[in-house]
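# Provide a 3D model corresponding to the input given below.
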Amino acid sequence: MNLHKLYDMQKELDEKIETQHGLLKENLVEEKILALLVELGELANETRCFKFWSVKPPAEQKVILEEYVDGVHFILSLGLTFGYGEEVSRGLAEQAESLTGQFNSVYHLISIFKNDISEENYRVLVDSYMQLGEMLGFSWGEVEDAYLAKNKVNHDRQEQGY
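Presented below is the predicted three-dimensional model:
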């Protein structure tokens, strides 16, 4: 799958945010990694997959997809920061047996990437995040459509002084 279109859209959004907030010369890697971790936590919270103590069901799929796409934004933004790939390589990451295990795996891979910012580590992280989306029941078409919608919301938020 080719992410060229999404990378282009993310680049435009990143440039808009960095220009508007006077961040063009700032190194935002730490912030983007933390944002990705926070978004992953919000996603896990909506799925409730780890909440063995609760009988409350997960959020609606639409809400879960929106949270998933928030993570896609930061993954793409990190890739742009380092000039890492627009082509997704599949089969690089080992898929966990459970959704909770997959969340833990993605957290771990973010940490690995943070400590060794290599293209290989980035590609494994992207693959693992894609696997998470598949485990959540999302097709690539659904992810792309949701990304396009959320990207517009993010642009609108910048226009409104978010």
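
# every contact and neighbour count from this point should use C-alpha atoms.
Fine.

# how about stretch 54-63: buried residues?
Buried residues in stretch 54-63, counted by 16 or more other C-alpha atoms under 10 Å: none are found.

# could you shift the numbering so residue one becomes 39, and keep it that way?
From this message on, residue numbering opens at 39, which makes the last subject stretch 92-101.

# please enumerate residues in contact with stretch 100-112?
48, 70-71, 73-74, 77-78, 80-81, 84-85, 171, 176, 181, 184-185, 188 (C-alpha atoms under 8 Å, 6 or more residues apart in numbering).

# now, which of those lie within strands?
Taking DSSP state E, every one of these sits outside strands.

# would you mind measuring from residue 66 to residue 101?
27 Å (C-alpha to C-alpha, to the nearest Å).

# ugh, wrong one, residue 172
As judged by C-alpha to C-alpha, residue 172 and residue 101 stand 16 Å apart.

# and for residue 73?
From residue 73 to residue 101 the distance is 18 Å (C-alpha to C-alpha).

# residue 159 now?
Distance, residue 159 to residue 101, using C-alpha to C-alpha: 29 Å.

# and the helix or strand bottoming out on mean pLDDT in the chain, what does it pack onto?
Across the helices and strands of the chain, the lowest-confidence element by mean pLDDT, DSSP states H and E is helix 178-197, at a mean of 89. Secondary-structure packing of helix 178-197 (3 or more C-alpha pairs under 8 Å, 6 or more residues apart in numbering; DSSP states H and E): helix 42-58, helix 99-120.

# give the buried residues for it.
Those would be 181-182, 184-186, 188-189, 193, for helix 178-197 by 16+ other C-alpha under 10 Å.
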